[in-house]
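J.: how would this look folded up:
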Amino acid sequence: MMLPAWVGVVSAISLMIIALAALLGGTAIIVTALNVRWALKALKGAAGPAIADVRQLISSIRTEADALVGASRDVRQRIVRAADAAEERLTALDSLAEVMQEELEETAIDAAATMRDVRRGLSVWRFGRKLLKRKKRQ
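T.: Here you go, the predicted model:
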């Protein structure tokens with residue numbers, strides 16, 4: 001069986017259309033790939049300085065955080081030293097208060113004993129005066 005002549009022509013045309021479609025598809029893929037490559041370069045060009053800025057910002061933040069930690073450590077040490085000094089002063093003040101209390105108690109006891117002796121002396125003096133007045137009357 002023999003095929004009509006137009007079948008060969010139609011087959012050749014359809015093959016040519018398929019080849020052109022493949023060429024157009026390949027060209028479109030290449031153009032798209034080049035556009036993506038160009039867009040990535042543009043993005044890198046724009047993002048590169050931004051990334052560098054972000055890295056510099058992170059470095060600055062890290063430096064500031066380290067400085068803050070150092071300052072915090074210094075402040076904490078100063079507070080601890082001040083608390084220790086205050087504790088020493090309070091201990092000394094407590095010791096002074098104890099000594100003063102003992103001295104005041106001893107002074108109060110001495111004053112009471114002196115008052116007792118003065119009263120006793122006054123009593124003896126009054127008794128002596130009474131005796132002398134009796135002797136004068138007799």
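
J.: For residue 122, see how far away residue 133 is.
T.: Distance of residue 133 to residue 122, given as Cβ to Cβ, to the nearest Å: 16 Å. From N, CA and C alone the C-beta is placed, and that goes for glycine too.

J.: for residue 54, same thing?
T.: Relative to residue 122, and taking Cβ to Cβ, residue 54 is found at 98 Å.

J.: now swap in residue 94 and tell me
T.: Plainly put, residue 94 is 42 Å away from residue 122 if you go by Cβ to Cβ.

J.: Kindly report the same for residue 109.
T.: Residue 109 sits 20 Å away from residue 122, going by Cβ to Cβ.

J.: Ok, residue 6 next?
T.: Computed with Cβ to Cβ, the distance linking residue 6 and residue 122 is 163 Å.

J.: cool, residue 128 as well?
T.: Noted for residue 128: a distance of 10 Å to residue 122, by Cβ to Cβ.

J.: Also residue 83?
T.: From residue 83 across to residue 122, the span is 57 Å (Cβ to Cβ).

J.: Return the list of helices and strands in contact with the helix or strand hosting residue 121.
T.: Counting by DSSP states H and E, the element that carries residue 121 is helix 5-137. Using 3 or more Cβ pairs under 8 Å, 6 or more residues apart in numbering; DSSP states H and E, no helix or strand is in contact with helix 5-137.

J.: quick one: that helix to chain centroid distance?
T.: Taking the mean of its C-alpha atoms, helix 5-137 sits 2 Å from the chain's own mean (Cα atoms, centre = their mean, to the nearest Å).

J.: which stretches of this protein aren't confidently modelled?
T.: Counting by pLDDT under 70, the ranges of the chain that qualify are 1, 137-138.

J.: Which secondary structure state does residue 3 sit in?
T.: Recorded secondary structure, residue 3: coil (DSSP: H, G, I helix; E, B strand; the rest coil).

J.: and it, how many neighbours does it have?
T.: A total of 8 residues lie near residue 3 under the criterion other Cβ atoms under 10 Å.

J.: what do you get for residue 115?
T.: 10.
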